[in-house]
Structures are given as C-alpha cells and as structure tokens.
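Student: here's a sequence, model it:
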Amino acid sequence: MLSDKKSIVITEDLAKRLFGTTENIVGKTVEWQHKKQYQVSGVLQDLPALSSVKFDFILTFEAFKEDNDWALNWFNTAPQTFVLLKEGTDIEQFNKKIADLVRTKTEGQANHRTPFIARYSDAYL
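Tutor: The predicted model follows:
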C-alpha cells in the first residue's frame with residue numbers, strides 16, 4: 001500500500017474526519033501542513049482504544065526522512081522500530097549481536113546507548 005513516498009495509509013477515523021466517509025477515498029489527496037500532498041493508498045481499521053500504539057496515518061520512511069534529517073543520525077533516539085524476526089530466533093543472542101551497533105556507527109562517540117529488542121507482546125503501556 002505504500003508503494004512510493006507520496007502514498008499515505010489513513011485510519012477509518014481520519015478518513016471520516018477528512019472526507020466524511022471511508023468509501024472510495026483511495027486515490028484522493030491529503031495535504032500535510034499546507035506544503036506536501038500525499039495520495040491515499042489505503043484505509044486501515046481504527047486501532048483498539050486500549051492500544052499502546054496510537055496513530056492516524058502511516059507514511060513511508062522515505063517521506064519521513066525528507067522532513068527529519070536527524071532520523072539518519074546515529075546519535076538520535078528515534079524513530080522507534082519494529083522488526084519481525086524468524087521464528088525461533090534467540091532474542092538474547094540477537095541483542096548481543098547488535099549491542100555495539102551504535103558505538104560502531106558513531107566510531108565510539110556514542111557510548112550512552114545500547115540498542116536491544118524485546119518481544120512486542122511483553123510491552124505494556
């Protein structure tokens with residue numbers, strides 16, 4: 001659904017707020033902060049009210065980078081990333097492999113941060 005950086009996927013709630021409906025809006029245009037336009041490529045169900053993750057739309061990382069050049073800097077602490085690992089992956093071993101990633105990428109200048117992964121199902125709030 002996000003075939004290019006001008007695509008946007010919106011929630012049903014946002015579709016209703018912008019267009020008054022969720023029907024026949026794929027292909028319509030959404031303007032962002034009066035300067036960028038995105039084409040609706042899909043509509044997703046609203047997230048559960050008790051979800052820890054809240055959002056109204058999804059853009060490509062390519063679009064995000066255009067307005068947030070800091071996202072490519074290894075010294076930043078965002079954006080949050082979700083990965084899908086092969087079934088049976090040993091999370092402890094995976095974390096050991098990525099523990100020095102930030103230090104390596106910053107040539108030892110960022111020593112205050114150690115990346116790690118945790119099961120999404122273990123997250124609460």
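Student: need the per-residue pLDDT for the most far-flung residue of the chain relative to its centre.
Tutor: Residue farthest from the centre of the chain, counting by CA atoms, centre = their mean, is Gly108 at 27.2 Å. Per-residue pLDDT puts Gly108 at 90.
Student: residues contacting Val102?
Tutor: Residues near Val102 by CB atoms under 8 Å, 6 or more residues apart in numbering: 74, 110, 113-115. Where you see a C-beta, it was placed from the backbone N, CA and C, and this is true even at glycine.
Student: what about the helices in this structure?
Tutor: With DSSP state H as the criterion, the chain has helices at 12-19, 61-67, 91-98, 101-105.
Student: of those helices, flag the one that's most buried.
Tutor: Ranked by mean neighbour count under mean count of other CB atoms under 10 Å, the helices of the chain are led by helix 12-19, which reaches a mean of 16.
Student: show me what it is packed against.
Tutor: Under the contact criterion of 3 or more CB pairs under 8 Å, 6 or more residues apart in numbering; DSSP states H and E, helix 12-19 touches strand 36-44.
Student: quick revisit: top of the contacts of Val102 by neighbour count?
Tutor: Neighbour counts for the contacts of Val102 peak at Ala110, which has 16 neighbours (criterion: other CB atoms under 10 Å).
Student: list the contacts of that one.
Tutor: 74-75, 102-103.
Student: now the contacts of Val102 in JSON lines, with distance to Tyr38?
Tutor: Conversion of the contacts of Val102 to JSON lines gives the following (distance: CB to CB, whole Å):
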{"residue": "Trp74", "distance to Tyr38": "28"}
{"residue": "Ala110", "distance to Tyr38": "33"}
{"residue": "Arg113", "distance to Tyr38": "32"}
{"residue": "Thr114", "distance to Tyr38": "35"}
{"residue": "Pro115", "distance to Tyr38": "30"}
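Student: lowest-confidence entry in those?
Tutor: pLDDT across those is lowest for Arg113, at 86.
Student: on that earlier part again, quick check: the farthest pair among the contacts of Ala110?
Tutor: By the measure CB to CB, Phe75 and Arg103 form the most distant pair in the contacts of Ala110, at 11.5 Å.
Student: now the residue nearest to Asp4 when sequence neighbours are not counted: how far from Phe19?
Tutor: Closest residue in space to Asp4, ignoring its immediate chain neighbours: Thr60 at 7.2 Å, by CB to CB, 6 or more residues apart in numbering. Thr60 sits 21 Å away from Phe19, going by CB to CB, to the nearest Å.
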